[in-house]
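Chemist: prediction below, plus the sequence it came from.
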Amino acid sequence: MTLPGPVGHVRTDAVLVVTGGPGRIPRGLEVLRAGDADRLFVSGVDPEVTRSEFASQFKVSKAEMRCCVTLGHLAVDTRSNAGEAAQWMESNGVKSVRLVTTDWHMRRAAGELHYSIPKTIKVIDDAVPSDPSLGQLFLEYNKLIISTVTQGWPL
């Protein structure tokens, strides 16, 4: 089985970045700046991180932050990322979203998101390439199995 990869230019209403790995936020900003989405939602941002700190760290202009970037501070894990994102998408009328996360995390993150949103919302998986260790893959595989069983996803 191969890990999912990045996608090219595909237009969606929004980009959803799930925090927790290197390259995820820069990839989401890249998609936004390329005009492939109008809005960016970053789920799982530490509650102590302010909008100005985020903007400074990732070189986001005030205008870009004001118009296009929303930080979600409620999520603490993949399942709550999906719930937080689902609420934001519903509140903002999102009909299509590009999910950005690391390649090894994509299958579980996408599964949790699909479980949390209406089937009418189109999701495009855009995985950030990484070089995961065997231990990291083993742990993620087990988390995927647990998610599959507890959520009742088809195997």
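Modeler: Structure's in. What do you need?
Chemist: so is Pro6 in a helix, a strand, or just coil?
Modeler: Each residue gets one of three states, and Pro6 gets coil by DSSP: H, G, I helix; E, B strand; the rest coil.
Chemist: ok, the one 3 residues further on next?
Modeler: When the structure is reduced to helix, strand and coil (three-state DSSP), His9 reads as coil.
Chemist: okay, now it: neighbour count?
Modeler: 8 (other CB atoms under 10 Å). Yep, even glycine has a C-beta here, placed from its N, CA and C like the rest.
Chemist: in space, what's closest to it - neighbours in sequence excluded?
Modeler: Asp36 (5.7 Å; CB to CB, 6 or more residues apart in numbering).
Chemist: that's a helix at the one you found, yeah?
Modeler: No: according to three-state DSSP, Asp36 belongs to no helix; its state is coil.
Chemist: can you pull the contacts of it?
Modeler: For Asp36, the contacting residues are His9, Val10, Arg11, Thr12, Val15, Arg98, by CB atoms under 8 Å, 6 or more residues apart in numbering.
Chemist: show me which of those is closest to Leu32.
Modeler: Val15 (5.8 Å; CB to CB).
Chemist: tell me the average confidence for the lengthiest helix in the chain?
Modeler: Scanning the chain for the helix with the most residues, using DSSP state H, yields helix 134-151. The average pLDDT within helix 134-151 is 85.
Chemist: helices or strands next to that helix in the packing?
Modeler: In terms of contacts (3 or more CB pairs under 8 Å, 6 or more residues apart in numbering; DSSP states H and E), helix 134-151 is packed against helix 78-91, helix 106-116.
Chemist: same list (the contacts of Asp36) but as JSON lines, adding distance to Pro22 and pLDDT.
Modeler: Below are these laid out as JSON lines (distance: CB to CB, whole Å; pLDDT from 0 to 100):
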{"residue": "His9", "distance to Pro22": "23", "pLDDT": "92"}
{"residue": "Val10", "distance to Pro22": "23", "pLDDT": "95"}
{"residue": "Arg11", "distance to Pro22": "26", "pLDDT": "97"}
{"residue": "Thr12", "distance to Pro22": "23", "pLDDT": "98"}
{"residue": "Val15", "distance to Pro22": "17", "pLDDT": "98"}
{"residue": "Arg98", "distance to Pro22": "18", "pLDDT": "98"}
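Chemist: could you flag which of these are buried?
Modeler: Thr12, Val15, Arg98 (16 or more other CB atoms under 10 Å).
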